[in-house]
Each structure stands twice: as C-alpha cells, then as structure tokens.
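[1] Let's see this in three dimensions:
(chains A and B)
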Number of protein chains: 2
Amino acid sequence: MGPHSNTDAADRDLPADVLVIGAGVIGLSIAWRAAQQGLRVVVADPEPGLGATHAAAGMLTPIAEAAYAEREVFGLGQASLRRYPDFVAELHAATGLPTGFRQDGTLQVAYDSDDLDMLAETRLLQESFGVHLTQLTARECREAEPMLDPAVRGGLLAAADGSIDPRLLATALERAAEGAGARLVRQHVDEVLCSAGRASGARLADDSVLMARWIVLAAGWQSATLAGVPAAIAPPVRPVKGQIMRLRTTAALEAAGVPAGLLQRTVRGVVRGSGVYLVPRDSGELVVGATQEELGADTAVTAGGVWELLRDARTLVPGVTELEIADTVAGLRPGTPDNAPVLGPSELPGLVLATGHFRAGVLLAPVTADTVASFLRTGTPDPSWKPFAPGRFPARRGLAQDQPAPKQPAQEQPAQEQPAQDRPAHASDDQAQAVLRTDAAAWT
Amino acid sequence: MGPHSNTDAADRDLPADVLVIGAGVIGLSIAWRAAQQGLRVVVADPEPGLGATHAAAGMLTPIAEAAYAEREVFGLGQASLRRYPDFVAELHAATGLPTGFRQDGTLQVAYDSDDLDMLAETRLLQESFGVHLTQLTARECREAEPMLDPAVRGGLLAAADGSIDPRLLATALERAAEGAGARLVRQHVDEVLCSAGRASGARLADDSVLMARWIVLAAGWQSATLAGVPAAIAPPVRPVKGQIMRLRTTAALEAAGVPAGLLQRTVRGVVRGSGVYLVPRDSGELVVGATQEELGADTAVTAGGVWELLRDARTLVPGVTELEIADTVAGLRPGTPDNAPVLGPSELPGLVLATGHFRAGVLLAPVTADTVASFLRTGTPDPSWKPFAPGRFPARRGLAQDQPAPKQPAQEQPAQEQPAQDRPAHASDDQAQAVLRTDAAAWT
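    Down below sits the predicted model:
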C-alpha cells in the first residue's frame, strides 16, 4: 500500500462495528451516517470514489427512473431527492467543501416529430407516477435554454430536479466520514470471512484481517463476485458500461454572456430516437452522457461511444462544438435483473447489501445511507426496502452469473442501443417498453 | 531546469559551431546531420519533440502537397521521400531504435459521386505533377482495404508513399544526434544575440548564453516571434492548429484477422466534401486527422474537432467505432503565406532558417537536414532551396505579423473548413482551388 494508507495492519485487527466494502458515494454515505451515530466504522476501498462514482454525471432526476417504468425506484428516488438539500447542507457544514449541488430542474426535449411523440408517451407515463411536469412549446424551450437548436420541437420541465458533482461529493463524503470517526483503509477486500454462520470480517489484499459486527457490501458491480460470499447470497449485479464526457466552456464564451456550461439546467433529449443528456456545472463544465453497453468489465473509451455522444449533443445544442474536451471516461454501473437496487440484510447473518443502484447511485445515496445506518443501529429494516430485498431474485445457480456478460461481436455493438437484459416483469406496459429503448442513455 | 539537463551554464558558454533553436524533427535532423559532419552542435528546446512533431500523423505523401498545387513543395517532398529509406536505416543502425517507417502506399478514396468528381480532378492535377497513380474501382478499393465502407466509389493508389511514427522518429533522432556528439540543452531560447552585424548566439531562459558561429532557426511557428531577430528578417510563419486522434485496435480484433490499425496502408478520403486521413501503424494504432484551424496558438481539443474527425473516419471505415481512443491532441503547424517552407541563409549573417514546413515537416526532414548540414559545412546554399528562399516574402511591416491570427468568433468556427490564408499566386488553377477546400485536412 502507498503513502495514503492511514492505518497499519495491527490497527486493523481491532474489531469494528461496521466494515463497509466499497468507497463510492454509496459506501462513503453509509460510513458517514453510521459514524455519526456513534458506530465504529471502517471503509475499505483501494481507490475511493474512482468506480462508477467517478464516471457519473450526477443528475438528481427521479423522473429518469420513471421513464424506465420502475415505479418503486422512482418512489425511492423522490424520497432521496427530498433529503438532498439537508444532506448537502450538513455535509458542507461538516467539511466546508463544495458539492456542486443545484436544484434548477430538468428540461426534457424532443428533436423531431417522432421524438415529440415519444416525449408525449413519456409524459403520460411520468404523470401516471405522480410527477409534476410543465409542457413547453418549442418557443418556450428556447426561451428557457437559448443555446438549444431551433429545431427542438417541444419539452417537459420538471422543476424540482437537481444535479451534483459526484467527484466533489465523494471527496466531501470521505472528509465527512473521517471527520465523524470512520477509518478509510485503501485496500482491496479479497475475501469476506465468516464464523459461526455469520459474516464476521474480511481479509484485505495485504493479508491483514478486519473483523466487524456488520459487513456492508457496497462494492458496486464487483459486489457479485466477492470471495467468501456464498453464490446463493451474492447480489446478481453486472457491470453496465457507460461512456461520458466532460466538456468545458471557455472564459471568452462566458464573457459573451453564455451561461457556465452553456445551459441553465440539465437537458435530456431524444434525438432521432437516441437519448442524450447534458448537465451544466457552475464550474463551466458541461457533462454529456452516456452510453449504455453490456460488455462486461470493459472500460475502454471508444471512437463509437464518443462519436454518438457528440453527435446527439451537438444536434441538440450546436454550441457544444466550441467547447474543449476536458475528460472522457467509461464507468461500470452496477446493473441488476430488474434495474432496482439491492438493499437490506442478506440471508447470511451480519452481511448487509447496499448495491445494484445502476444509474441512480448518486441520487439514492442519502436515502440509502440514512436507512442503512438506522438498520445498523436498531436492527430494524426500513419499510421502504421491501421492493429491493436481496431475497427477491431466484436463487443463483452455479458460477454462470459470476462471469461478466459475454463480449458481443465487435461489428454489432451500437453503443447506445443495448436495452438492459432481463427486463422486470412489470415492464409489460407498452409505453414503458417504447420509452425504454429511447431513454437507454440515462445515467444518474 | 529539471534533471534531464545534460550540461550546465558554464559548459554552455563555450562556443559551438552551430546552435539549432528547436528540437522537433527538423531541428533534430539538422543537429544529427551537422554533428555527423564533425561540427560542434548544440540544440536548444525546453520540450524536445513536443511541438508539431508530437501531433503529426507522419504521412510521407508528397502527393498530398500536389493536391495543394504547390509544385515546388511537391518536388522537394519527392526528393525527401527518396532519401527516407536510407535515412531511417542509418538512424536505426546508429541507435537501434524503431521509427515505424513503412512504405506501403497511400489509397485516396471518394465516398459519394461528388467526391468521385473531386478525386478525378485531383488525379488530373497530381498526374500533371508527374505522380504515378493507379485508378481503382470500388471493388478494387475494397479488395485492397476490406474494412472500407461498401459505399466507397473508387480510389487512387500511390504505391511509393510511406508513413512513419513521428514520436518514435523524434526519440531516435535525439539519440542519434547525441550519439554523433550534439548537445541537447532543455532550455527555451529567449533571445537571439548579435554582434558586429551577425547573429552570434542566444540567451536562454536561465540567462545563460550560448555562442555559435551559425544559428539555425527551426522553432516551428514560434520562429516568427523570437526576440532579437529583426522583424524584417523573421520568417512569416503562423500557427495552424490541427487536432488529431490516435485510436487503437484491440488484441481481440487482431486475433480475428483484422490488420493492425484496421488498414494495410494510409487511406485519405474525401467524404461529402470533407477531407480525412487514416494512418495505420504496426503497433495497432490508427491515426485519424486532422482539422486545420486558424485560431492562433490555441491547442484546445474541442468537441467539434473530435466529432468531425470521427464522423468522417467512421463513414469511410465503419470499424473505427470499435477502437479505443488512445490519445487526442492538438498541435500547431508552422504555416507560411504560400504554404511552402523557409529554407536557407537569412539576410542576417549567421542566421539560417529551417522552418515553415506546415503540414510537411516529417516528410521534409531528411532533405532539409541534408541540405542545411551541407550548407553549414560549405557555405554554399543548395540549389533546391531557390523557391523557398527566406527573402521571397514582402518585407514585414511593424509588429502586426508577430501576433497570432485573431481568434475567430466562436460560433463561426467549423474546424475543417478554413482554407489557408494568403494563397500563393500560382494557385490560380481552378482545379487546385477546388481540391484545396476538400483536402484541407492534410497534415503530414
């Protein structure tokens, strides 16, 4: 381990109340909240914040989950969004660090008349979920966002949506967790250890052992394949690749009156049937995302992925062509068979699951952290976890699911047109299916 | 200065025979050849090989210059290409280092019928220059390059063209120059010094002074603005921005029988009027270039530049969408009013110019180095320099030309549609003008 290790092997052999495996926004949020409640918390991750968190755009849009027709995830997302203002205020009070939190809404727009039909279907579906939306004409869209292409046909405004910078959020959470007494161990967990039929600790990459009363598995897509977790209990998460770009407005553009990041708020668009989103940041960044690809643990940034993102982004907002490319990365979202997270105690006593957040990890961090921390203190599962119980999947058979999805033939791999596998049974709604394909780029 | 400095200030005060300002492929080649002739050579550059050389694709295609209707540059390029096999063989013998030199031709292709018309015009022009070309049907194009899109309408094969990896070339040249006795000083030259009406040395960024009998100015676009060089003598070079991408084939693709870099040879295409080239390397890289932008010394990689490169590359060779993006950079070519280099002694005694190579620096390095080194030894200018004499431009007036070209309004800046400014008088040929626009992406 490098110089960042803030503990040594001897320290780690002391028992903790909670060992959190994984220091993305989910694991760090849980560590912070649990430490605040007086629990002795250790978080283990060789590279905190550098998994799916690092590639996430940070949209706080429960509505995006509504587009996927996942009513329960939508409800959880709304509950989490309601917690966000206090969550970030408390985080800022504890650390003094920024998170880039904004709550200026999401504008969903349609580019051509087919896209407009899709948007009308989206509206019916989202309103059936209880989302409050304001319909905008083409003119109103351009008034709201002057950088939109004049061809944009119309839009839907969800005023309560927000966004946050996930990289800043992870840094602040790490600081807050340590400030509240949690210890961060920059080591990979090689194996979960059990004794007397209960998860009791973990062996780290340096062969040291951490013992804890509770083990919280928050390791994203890698949660499926951790040694020591019985196959029947390991959550069926798989890596779903997303490529995403960070563009940057120039000082000259901003001096000319263009807003930082070109836009006033998050814009999600359907462009000739293909989904894209653009998330502006106060820093002048404009995040453009994201592909959704079933390629196993592949994190290559590809010519095709970048081209599709730029094609759709510049169609909606031609001014993006002037922006500098600051960063292009691919991350791996933890997908599950029904696109919903896996939350709560597993059938292995002592092992709590907090993974499978797919596109919604950043959105769902506050509610996940609050409910998991409460469970760790009281032993009582949160009622909101019912649809997300670890036991809801059929028992896993053998090792097949422990492998990444097979790589698809190279010539037949359009980056944004891969629907999630194993759609949930409740996606029998035709509208939901129609929306699914077009909105496949969502990545919150 | 960092630890790479291989000399100290005291050493530098010893006089040299030759001080070369600039360690791109031009400056390094000259240093190597001059040192081989027994001259005491010093090369000064804070970042050897990291200027235009670093961004160059390394096409060795005199034919590209023919497309620009610059007969003299074409002739010089052909002369230089003929020297290349021995040049790289000698370099390899001296250093053992690879350069990625290949001589497997260039295939120029047309995508639609308008592009085919343009290609026919290109053929007339190039053949009028004496280029030997083989016309290929659509089927023959695909037989030669199976990864080409089936829509490609036809092509022209120039069998003698080659390519090289400019980054490897620079590394080998640096080693060879030092092996032959040249000293590399990793310092910026702040000012050229004169005494008794003659260029006599240079002051470096650390305020040390290097004295030399000859000063060779090979600093690319920065050659125009070096302090101490009288305005009437400074070469009128300007930075012409080029964005370029390096893609990478995967082991899986190559195992499936795809050639390293997807292609057998350099492919230059006209796609709906827009020019693009793809240069495969033995390493599996595929270089895609390049934009041509008049933006002063701006080196931002932009969304628009990358999008245009990928759009045209994937149209010609759909398989590029599967490739990983290894690198995206912008470089600044040294452009001149007539797109031709500036070679030979200036009107300031002791100051020799070897700059303004625009898109053709890599191609022209051997002939430039051989003729400059010969001049430094004999004092006799090479006859081939006549069209490239430093004195051919009207006297420069004041400081206007010392400024970079004014930045264009952000919204009116299509990356690949900027013709070079100040076209030479001999470009009155209508065919040449037609080709100019389409072939503006050339970057050798």
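[2] now A:Arg311: how far from A:Val320?
    A:Arg311 sits 11 Å away from A:Val320, taking C-beta to C-beta, to the nearest Å as the criterion. Yep, even glycine has a C-beta here, placed from its N, CA and C like the rest.
[3] Please say which of these two ends up with more neighbours.
    Remark: of A:Arg311 and A:Val320, A:Val320 carries more neighbours, 26 against 16, as counted by other C-beta atoms under 10 Å in any protein chain shown.
[4] ok, now which ones touch the more buried one?
    For A:Val320, the contact set (C-beta atoms under 8 Å, 6 or more residues apart in numbering or on different chains) comprises A:247, A:262, A:278, A:286, A:288, A:310, A:313-314, B:303-304.
[5] Run through the residues of chain A sitting next to chain B.
    Listed as neighbours of chain B in chain A under the rule C-beta under 8 Å from any C-beta of the partner chain: A:245, A:247, A:250, A:252-253, A:256, A:300-304, A:306-307, A:310-311, A:313-314, A:319-325, A:328, A:407, A:410-411, A:413, A:415.
[6] Next step: those residues restricted to strands.
    Counting by DSSP state E, the members of those that fall within strands are A:245, A:247, A:324-325, A:328.
[7] List just the nearest of the residues you listed to A:Val42.
    Distance from A:Val42 was checked for each of those by C-beta to C-beta. The minimum falls on A:Thr328, at 33.8 Å.
[8] Tell me how many other residues crowd the closest one.
    A:Thr328 has 21 neighbouring residues, counting by other C-beta under 10 Å.
[9] from the contacts of A:Val320, which two are the most distant?
    A:Leu278 and B:Gly304 (15.1 Å).
[10] who has more neighbours, these two?
    It is A:Leu278, of A:Leu278 and B:Gly304, that has more neighbours when counted by other C-beta under 10 Å, with 29 against 23.
[11] The residue of the stretch 51-200 of chain A found nearest chain B is in what secondary structure piece?
    Proximity of the stretch 51-200 of chain A to chain B (C-beta to the nearest C-beta) peaks at A:Met147, 10.3 Å away. Secondary structure here is read from DSSP states H and E; on that basis A:Met147 sits in neither a helix nor a strand.
[12] Assess the claim that it and A:Gly261 are in contact.
    No - using C-beta atoms under 8 Å, A:Met147 is not in contact with A:Gly261; the gap is 9.8 Å.
[13] Out of those two, name the residue with the larger neighbour count.
    A count of neighbours by other C-beta under 10 Å puts A:Gly261 above the other of A:Met147 and A:Gly261, at 25 against 20.
[14] Wait, the more buried one touches A:Glu285, no?
    Yes - checked against C-beta under 8 Å, the pair A:Gly261 and A:Glu285 is within contact range at 5.8 Å.
[15] residues shared between the contacts of these two?
    A:Thr249.
[16] for A:Glu191, helix, strand, or coil?
    strand (DSSP: H, G, I helix; E, B strand; the rest coil).
[17] wait, what's in contact with it?
    Contact partners of A:Glu191, counting by C-beta under 8 Å, 6+ apart, are A:202-203, A:226-228.
[18] so what's it scoring on pLDDT?
    Among the per-residue scores, A:Glu191 shows a pLDDT of 98.
[19] Ok, A:Val435 next?
    The predicted local distance difference test score for A:Val435 is 28.
[20] next one: the one 4 residues further on
    Per-residue confidence for A:Asp439 comes out at a pLDDT of 30.
[21] Also A:Pro15?
    Looking at A:Pro15, its pLDDT stands at 84.
[22] cool, and A:Ala182?
    On pLDDT, A:Ala182 comes in at 98.
[23] Distance check, it against A:Ala369.
    With distances taken as C-beta to C-beta, A:Ala182 is found 12 Å from A:Ala369.
[24] Can you pull the phi/psi pair for A:Pro390?
    Its backbone dihedrals place A:Pro390 at phi -60, psi -30, with angles given as degrees, to the nearest 10.
[25] beta partners of the closest residue to chain B within the stretch 101-250 of chain A?
    In the stretch 101-250 of chain A, the residue found nearest to chain B is A:Leu247; the distance is 5.5 Å by C-beta to the nearest C-beta. Using DSSP bridges, the beta-bridge partners of A:Leu247 come out as A:Leu286, A:Ile325.
[26] re earlier: from the contacts of A:Val320, which ones fall inside helices?
    Cross-referencing the contacts of A:Val320 with the helices (criterion: DSSP state H) gives A:310, A:313-314, B:303-304 as the overlap.
[27] And the pLDDT for A:Gly75?
    Confidence at A:Gly75, expressed as pLDDT, is 92.
[28] That one: neighbour count?
    17.
[29] who's in contact with it?
    For A:Gly75, the contact set (C-beta under 8 Å, 6+ apart) comprises A:Ser384.
[30] And the next helix or strand past whichever strand or helix holds it?
    Secondary structure assignment for A:Gly75, by DSSP H and E: helix A:71-95. For helix A:71-95, the following helix or strand on the C-terminal side (DSSP H and E) is strand A:106-110.
[31] Can you spell out which helices and strands pack onto that next one?
    The elements that strand A:106-110 packs onto, with contact taken as 3 or more C-beta pairs under 8 Å, 6 or more residues apart in numbering or on different chains; DSSP states H and E, are helix A:113-128, helix A:138-144, strand A:154-158, strand A:266-271.
[32] how does it look with 6 Å?
    Contact analysis of strand A:106-110 by 3 or more C-beta pairs under 6 Å, 6 or more residues apart in numbering or on different chains; DSSP states H and E lists strand A:154-158, strand A:266-271 as its packing neighbours.
[33] Direction included, what does that strand pair against?
    Using DSSP bridges, strand A:106-110 pairs in its sheet with strand A:154-158 (antiparallel), strand A:266-271 (parallel).
[34] Now do the buried residues in stretch A:229-244.
    A:229, A:233-244 (16 or more other C-beta atoms under 10 Å in any protein chain shown).
[35] Take the residues you listed and lay them out in TSV including secondary structure and pLDDT.
    Formatted as TSV, the buried residues of stretch A:229-244 follow (DSSP: H, G, I helix; E, B strand; the rest coil; pLDDT from 0 to 100):
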residue	secondary structure	pLDDT
A:Val229	coil	96
A:Ile233	coil	94
A:Ala234	coil	96
A:Pro235	coil	96
A:Pro236	coil	96
A:Val237	coil	97
A:Arg238	strand	97
A:Pro239	strand	97
A:Val240	strand	97
A:Lys241	strand	96
A:Gly242	strand	96
A:Gln243	strand	97
A:Ile244	strand	97
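[36] Show the buried residues in the contacts of A:Glu191.
    A residue is treated as buried here by neighbour count (16+ other C-beta under 10 Å); on that basis the buried members of those are A:202-203, A:226, A:228.
[37] what number of residues lie near A:Asp207?
    Residue crowding around A:Asp207 was assessed by other C-beta under 10 Å; the count is 9.
[38] Next, it: secondary structure please.
    Look at A:Asp207: counting by three-state DSSP, its state is coil.
[39] likewise the one 4 residues further on?
    Remark: A:Met211 carries the secondary structure label strand [criterion: three-state DSSP].
[40] and it, what is it in contact with?
    A:Met211 makes contacts with A:15, A:201, as judged by C-beta atoms under 6 Å, 6 or more residues apart in numbering or on different chains.
[41] What pLDDT is listed against it?
    A:Met211 is assigned a pLDDT of 96 by the prediction.
[42] ok, which stretches of the stretch 301-444 of chain A are helices?
    When assigned using DSSP state H, counting those that start in this stretch, the helices of the stretch 301-444 of chain A occupy the ranges A:303-316, A:361-378, A:430-438.
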